[in-house]
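**Student:** pasting the sequence and the predicted model now:
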Amino acid sequence: MAGRQNLQENLDQIVKLIEQIQYQVRHPDKETLSMTSLYQFEAISLPFQLVQEAIALCAAVFPPESLGEIATTDEESINAWAIALMQTLQDELTLVEHWQPQLAALPLPSALKEKIRDVASATLRDRTTQLQQIHQQHSEILQSTASLFAAEAQLRQDAQALQQLKKKAKLLKAIKTELQTTDLNALREQISRETEAIAPQRQELETLKQQKTQLETELTSLEQQRATFHSQINYLQQKQQNLETATRECGNQLISLTAAEQQRLSQELNIVLADLSSQQQEYQQIQQQLATAIAESNRYQQETEKLREYLRQHYQSNQEICKNLPVNQPKIDSMVKIIEQNLAQLDQELAQALQQQELSQQKTIFIFN
């Protein structure tokens, strides 16, 4: 429990130092306008404190007893630990070698410089010796690990081959036991009987398979026909749609043409009606004139009849007088004949006038579609 508590304290301290370093990096020095405030007296030791806490963390995480346990239970993990330790020590030595030339030029007290140099040299010697030892141990471990891996692979391969041989031997033993306990003749007879028994079923199965194949063929044919019919139906539907569209367009065109023709005929009809109205007025005038002429003709005919009757009476009187007086009878007959011809011509003209009046009174019917 104490080790876990120390570990948690190291982690908390590391987090605290990281936060302080981040704060110093994000807030530059206002007086020197430096990129970071880590160069100030209060903060310049923070990175080193972080390294010290990290070293303390490593010591807390990897105590000697834990390393001994890992070395006996997990060789790969202990090898990884040794490699990480060697890399960390190498990085520390590289950093010391990087700073060592500047120590002589820095304005530090001579005693402090000498002490740093001695510690660095001793540390360098000790670390070099430790690195050599660790490198030698690591090399030996790697060599032994390679041989162990090879031996392990061989053992695994042999164990796998042994398991296969055991399975095969077990299978052969079971087959041998089954052969010893089985009557082969009886088994052959049983197989023969069962073969004969299932022969009709096999034949029926073959027949069913043939029927199935035939049905599948017919089904395929029907599917093809259905697809063909479907295609034809789609074609006919498309054709019907095209015809409906064409019919609709023709109907629209016909409606447009009918409307235009109706307008044109309406204009012509107005002209014809105007002409008919004018002709009707003329016919009415002619009818009035004919009625007047007929009335005059009737009056003239009455007068003519009166005159004819008068002439007839006068003619009879003349004949009676002629019997008693000497007259020129041929001349009189000629005059009477001329008068009769004139009267006949007047009758013909009156008949024609009556016929024209009857024609003018007939109704004229016009039909417009």
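**Tutor:** Thanks, I have it. Residues are numbered from 1 along each chain as shown.
**Student:** alpha carbons only for contacts and neighbour counts from here, please
**Tutor:** OK.
**Student:** domains of the chain?
**Tutor:** According to automatic domain parsing, the chain comprises the domains 2-146, 256-361.
**Student:** between those, which one is nearest to residue 206?
**Tutor:** For residue 206, the closest of the domains of the chain is domain 2-146, at 64.5 Å, according to CA to CA.
**Student:** need the domains of the chain in TSV (columns: mean pLDDT).
**Tutor:** As requested, the domains of the chain are exported to TSV (pLDDT from 0 to 100):
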stretch	mean pLDDT
domain 2-146	75
domain 256-361	72
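**Student:** output these in JSON lines, with distance to residue 242 appended to each entry.
**Tutor:** Formatted as JSON lines, these follow (distance: least, CA to CA, whole Å):
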{"stretch": "domain 2-146", "distance to residue 242": "78"}
{"stretch": "domain 256-361", "distance to residue 242": "21"}
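**Student:** let's have the ones you listed in a markdown table, adding mean neighbour count and distance to residue 213.
**Tutor:** Listed next are those as a markdown table, based on neighbours: other CA atoms under 10 Å; distance: least, CA to CA, whole Å:
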| stretch | mean neighbour count | distance to residue 213 |
| --- | --- | --- |
| domain 2-146 | 14 | 65 |
| domain 256-361 | 13 | 63 |
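**Student:** what comes up buried for stretch 232-239?
**Tutor:** For stretch 232-239, burial by neighbour count (16 or more other CA atoms under 10 Å) applies to no residue.
**Student:** okay, it in CSV with CA atoms only?
**Tutor:** What follows is stretch 232-239, C-alpha atoms only, in CSV (Å, rounded to 0.1, in the frame of the first residue of the first chain):
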residue,chain,number,x,y,z
GLN,A,232,-44.4,-7.3,-75.6
ILE,A,233,-46.9,-5.8,-73.1
ASN,A,234,-44.5,-3.1,-72.3
TYR,A,235,-44.0,-2.4,-76.0
LEU,A,236,-47.8,-2.4,-76.6
GLN,A,237,-48.3,-0.1,-73.6
GLN,A,238,-45.6,2.2,-74.9
LYS,A,239,-47.1,2.1,-78.3
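**Student:** avg pLDDT for that stretch?
**Tutor:** The average pLDDT within stretch 232-239 is 82.
**Student:** hmm, back to that, of all the domains of the chain, which one is nearest residue 238?
**Tutor:** Across the domains of the chain (criterion: CA to CA), the nearest stretch is domain 256-361, sitting at 26.4 Å.
**Student:** what packs against the helix or strand residue 291 falls within?
**Tutor:** Assigning secondary structure by DSSP states H and E places residue 291 in helix 184-324. Judged by 3 or more CA pairs under 8 Å, 6 or more residues apart in numbering; DSSP states H and E, helix 184-324 is in contact with helix 329-361.
**Student:** tell me which other helices or strands the helix it packs on touches.
**Tutor:** Helix 329-361 is packed against helix 184-324, with contacts defined by 3+ CA pairs under 8 Å, 6+ apart.
**Student:** tilt between the helix it packs on and helix 329-361?
**Tutor:** If you take axes from the mean of the first three to the mean of the last three CA atoms, to 10 degrees, helix 184-324 sits at 150 degrees to helix 329-361.
**Student:** just how off-centre is helix 184-324 within its chain?
**Tutor:** Centroid separation for helix 184-324 versus its chain: 46 Å, with CA atoms, centre = their mean, to the nearest Å.
**Student:** got it, and stretch 60-69?
**Tutor:** 65 Å.
**Student:** likewise for stretch 64-73?
**Tutor:** Computed by CA atoms, centre = their mean, the chain-centroid distance of stretch 64-73 equals 65 Å.
**Student:** go ahead and produce CSV holding the CA coordinates of it.
**Tutor:** As requested, the backbone C-alpha atoms of stretch 64-73 are provided in CSV (Å, rounded to 0.1, in the frame of the first residue of the first chain):
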residue,chain,number,x,y,z
PRO,A,64,14.6,-5.0,-7.4
GLU,A,65,12.2,-7.7,-6.3
SER,A,66,9.8,-6.8,-9.1
LEU,A,67,12.6,-7.0,-11.6
GLY,A,68,13.7,-10.4,-10.3
GLU,A,69,10.1,-11.7,-10.6
ILE,A,70,9.7,-10.3,-14.2
ALA,A,71,13.1,-11.9,-15.2
THR,A,72,11.9,-15.3,-14.1
THR,A,73,8.3,-15.1,-15.6
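**Student:** can you name the residues in contact with that stretch?
**Tutor:** Residues outside stretch 64-73 that contact it (CA atoms under 8 Å, 6 or more residues apart in numbering) are 77-78.
**Student:** one more time with 6 Å, if that's ok
**Tutor:** Contacts to stretch 64-73, defined as CA atoms under 6 Å, 6 or more residues apart in numbering, come from residues residue 78.
**Student:** right, and the domains of the chain - which one's nearest residue 227?
**Tutor:** Evaluated with CA to CA, the domains of the chain place domain 256-361 nearest to residue 227, the distance being 42.5 Å.
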